[in-house]
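Q: Quick one, what's the 3D model for this:
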Amino acid sequence: MRDKINSWAGLWDWLVANSEGLVIGILIAAALVAVMLVMRHIGERILAAYPDGTGWRGVIANVLARTTFVFMVAAAIAIVTAYAEVPVKVGRAVQILFIIASSLQAAVWARELIIGMVRSRVGENPGESTLGNAMALIRVMVSVAAFALALVVILDNLGVNVTTLIAGLGIGGIAIGLAAQGIFSDLFAALSIVFDQPFRRGQTIQFGATTGAVERIGLKTTRIRSITGEMVVMSNTKLLECEIHNISATNVRRIYLSFGVIYQTAPDVLAGMAALAEEVIAPIKGCRLVRCVVKNFADSSIDFELLYEDKSKDFNRLAEHKSAVWIGLARLFKRDGIELAYPTQTTFTSAPDGTMIMPYPQVQQVVAMKKVGEDI
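A: Below is the predicted model of the structure:
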């Protein structure tokens with residue numbers, strides 16, 4: 001009983017001796033806890049209004065809402081003990097508690113910040129955008145990395161020699177990385193698709209000889225439905241090594257057509273070819289003629305280059321417009337008597353005196369031969 005009375009008396013003496021410091025510490029701790037509670041409440045209110053948590057406002061709100069009461073209590077106790085003279089063992093225990101709580105809280109904040117940034121890049125609907133189906137695995141990887149770092153910090157502050165542990169983790173990480181080099185390569189390629197966004201799910205892309213719509217982007221492969229119907233499965237690493245044409249991101253497509261007319265075509269007709277092309281293309285919705293000019297004099301034809309713009313993104317519609325242009329040109333050529341060229345060779349001979357001998361009969365000769373035939 002006497003020991004108990006002495007202990008209470010000693011505690012009272014300690015409280016009296018440190019009363020000023022305790023009051024200051026408690027006030028500061030209470031103010032800090034109040035601020036953290038208010039910030040947490042603000043974060044929860046923002047998340048209630050924007051449950052998807054996208055954008056910088058949602059990311060910061062999600063981080064603030066993950067502030068734990070354990071960290072608040074540990075921070076408050078550490079502040080109070082800093083303004084009062086406490087026994088060495090008590091001070092060390094409070095310090096250990098604060099190190100553990102603050103390290104774990106920092107890991108939670110870092111995890112939510114990184115996940116929030118990734119989710120913001122993925123989009124508001126992760127299930128329908130690039131790598132949305134990988135968010136669970138990304139969250140696990142980020143959590144493991146953050147809490148592993150927190151564990152190392154805690155052990156180091158507790159006096160444990162973590163050099164050997166870090167070296168072992170480094171060697172193990174290198175071994176795992178070499179063993180799963182292909183998997184990690186495709187994984188990081190998938191992450192680069194998230195942040196660089198060369199294409200999204202549902203967009204039509206072209207790489208190499210393949211053109212199709214992106215149906216799914218996974219951790220290792222990307223699945224593309226080609227325009228011919230088959231499913232093309234391409235690893236993310238090899239896909240990013242190709243030159244990718246994002247057709248869906250194109251506002252307008254330029255279509256090149258080439259044709260040739262015979263050399264006997266009159267120059268005025270050649271000069272009016274652009275007007276004929278405009279007559280064909282103007283009625284087609286979404287199409288605009290850019291130019292129709294003579295490209296070169298080929299072996300058996302005068303070649304034209306026709307270029308027009310088409311705002312359609314559907315391949316079937318593009319093909320229909322291209323077919324309409326060809327058919328329209330064929331109709332106008334038939335109407336105006338313009339002949340398309342085909343590969344031919346003409347041999348010209350001359351008489352001994354150098355006079356050119358035509359390889360086909362003159363018009364007068366043909367008429368005379370017809371008249372003789374009628375008389376017979």
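Q: switch to C-alpha atoms for all contacts and neighbour counts from now on
A: Fine.
Q: could you pull out the helices for the stretch 151-300 of the chain?
A: 163-179, 181-196, 236-241, 267-271, 273-281 (DSSP state H, counting those that start in this stretch).
Q: hey, least reliable of these by pLDDT?
A: Within the helices of the stretch 151-300 of the chain, confidence is poorest for helix 163-179, with a mean of 62 (mean pLDDT).
Q: So what touches stretch 342-360?
A: 260, 262, 299-301 (C-alpha atoms under 8 Å, 6 or more residues apart in numbering).
Q: Can you tell me which of those are buried?
A: 260, 262, 300-301 (16 or more other C-alpha atoms under 10 Å).
Q: Dump those into a markdown table; add distance to residue 195 and pLDDT as well.
A: Output for the buried ones among the contacts of stretch 342-360, formatted as a markdown table (distance: C-alpha to C-alpha, whole Å; pLDDT from 0 to 100):
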| residue | distance to residue 195 | pLDDT |
| --- | --- | --- |
| 260 | 48 | 93 |
| 262 | 54 | 91 |
| 300 | 53 | 86 |
| 301 | 51 | 91 |
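Q: quick one: which two of those residues are the most distant?
A: Farthest-apart pair in these is 260 and 300; separation 8.6 Å (C-alpha to C-alpha).
Q: Find the residues that touch each one of the two.
A: 341-342.
Q: where along the stretch 201-350 of the chain do the strands fall?
A: 204-207, 210-217, 221-226, 231-235, 244-246, 253-261, 287-297, 302-310, 349-350 (DSSP state E, counting those that start in this stretch).
Q: Now do the third one: distance to the chain's middle.
A: Just to be clear, that refers to strand 221-226. 15 Å (C-alpha atoms, centre = their mean, to the nearest Å).
Q: Equivalent analysis for the fifth one, please.
A: Taking the mean of its C-alpha atoms, strand 244-246 sits 11 Å from the chain's own mean (C-alpha atoms, centre = their mean).
Q: which other helices and strands contact that strand?
A: Contact partners of strand 244-246 among helices and strands, from 3 or more C-alpha pairs under 8 Å, 6 or more residues apart in numbering; DSSP states H and E: strand 204-207.
Q: Could you report the neighbour count for residue 313?
A: Burial of residue 313 is recorded as 16 neighbouring residues (other C-alpha atoms under 10 Å).
Q: Was I right to think it contacts residue 247?
A: Yes - with contact defined as C-alpha atoms under 8 Å, residue 313 reaches residue 247; the gap is 7.5 Å.
Q: Same list as before, the contacts of stretch 342-360 that is, but in TSV and with distance to residue 328 included.
A: Converted to TSV, the contacts of stretch 342-360 look like this (distance: C-alpha to C-alpha, whole Å):
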residue	distance to residue 328
260	16
262	19
299	26
300	24
301	20
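Q: pLDDT below threshold where in this structure?
A: 1-20, 22, 50-55, 121-137, 162, 164-184, 346, 358-376 (pLDDT under 70).
Q: List the buried residues in the helix ranked longest in it.
A: Of all segments of type helix in the chain, defined using DSSP state H, the longest is helix 88-122. Going by neighbour count (16+ other C-alpha under 10 Å), the buried part of helix 88-122 is 91, 94-122.
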